[in-house]
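Asks: how would this look folded up:
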Amino acid sequence: MPTRIAAALTRIRQTLPTDVTLLAVSKTHPAEAIQEAYDAGQRCFGENKVQELIAKAPLLPQDIEWHLIGHLQTNKVRSVLPYVSLIQSVDSLKLVATIDKESAKLALSTRILLQVHIAQEETKFGFSPEELRTLIEKNAFTSYKHVQICGLMGMASLSEDEAQIRREFDSLKALFNEIRAKNLLPVSPFQILSMGMSGDYPIAVEAGSTLVRVGSSIFGARNYGAEASENKEA
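Replies: Numbers count the residues shown, from 1 in each chain. Next up, the predicted model:
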């Protein structure tokens, strides 16, 4: 008989198109819960905090694909690079430069997403769409040889207004399409549009998301305390 986590994974997978990746957000949950999800076939997991990710990774199967989805401070970059498959929360040019510099030291090519601020809450991180367009048009990213920009990530407003959430996701999808259509960044790695969490991922999928970040619907709700003010529950 499947565990609760396995049953939740099955239920969520049945709601997703085959070309949409499910990222199981395991922040605050123990390695044992992640192992349960792994045993149910899940391989992609997301963590918010560097300390949590690097503490859990050595305890779990080595073929797990770890994504960092929380705000990343530049002084934590070097410690997390050996563990991550993708850093989704790259929210400044300074952070891109630091990841590139530290990746070069470790002879790595690090995959990243550019986080775009699409929500109404000021507490969210990310480039504004206008800022990102300007940086791309000025070729601000072209000098970095040890990062691969693989797409965009965004979080919608914490709201009951589905029309507003849909508008925000649609705006990010339009920016994603614009960058690809105009070849503003190398298209071959630029394939991922990460948007949608437990409360709004069906809307995100309708809007064109290729990766959804789902936590509480898989692992159950936890008391996130102060972290809740920084990131909407996944």
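
Asks: what's the helix or strand harbouring Ala33 packed up against?
Replies: In this assignment (DSSP states H and E), Ala33 forms part of helix 31-39. Judged by 3 or more CB pairs under 8 Å, 6 or more residues apart in numbering; DSSP states H and E, the packing partners of helix 31-39 are helix 4-13, helix 216-219. Where C-beta positions appear, they are placed from N, C-alpha and C, glycine not excepted.

Asks: remind me, longest helix of this structure?
Replies: helix 162-181 (DSSP state H).

Asks: got the buried residues for that helix?
Replies: The neighbour-count check on helix 162-181 (16 or more other CB atoms under 10 Å) flags Ile165, Arg166, Glu168, Phe169, Ser171, Leu172, Lys173, Leu175, Phe176, Ile179 as buried.

Asks: and whichever helix or strand comes after that helix, average pLDDT?
Replies: Using DSSP H and E, the helix or strand that follows helix 162-181 in sequence is strand 192-195. Averaging pLDDT along strand 192-195 gives 98.

Asks: Please determine how far the residue positioned nearest the centre of the chain is located from Glu65.
Replies: Against the mean C-alpha coordinate of the chain, by CA atoms, centre = their mean, the closest residue is Gln88 at 3.8 Å. For Gln88, the distance to Glu65 equals 12 Å [CB to CB, to the nearest Å].

Asks: before we move on, what about Val116?
Replies: 22 Å.

Asks: how about the strands in the chain?
Replies: 21-25, 44-47, 65-68, 84-90, 110-117, 147-155, 192-195, 211-214 (DSSP state E).

Asks: Tabulate those strands (TSV), appending distance to Leu135.
Replies: What follows is the strands of the chain, written out as TSV (distance: least, CB to CB, whole Å):
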stretch	distance to Leu135
strand 21-25	26
strand 44-47	25
strand 65-68	21
strand 84-90	12
strand 110-117	9
strand 147-155	11
strand 192-195	18
strand 211-214	23
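
Asks: out of the ones you listed, which comes closest to Tyr201?
Replies: Nearest of these to Tyr201, taken as CB to CB: strand 211-214 at 4.1 Å.

Asks: which strands and helices sit next to the closest one?
Replies: Using 3+ CB pairs under 8 Å, 6+ apart, strand 211-214 sits against strand 21-25, strand 192-195, helix 201-207.

Asks: So for Phe219, which of these sits nearest?
Replies: strand 21-25 (7.5 Å).
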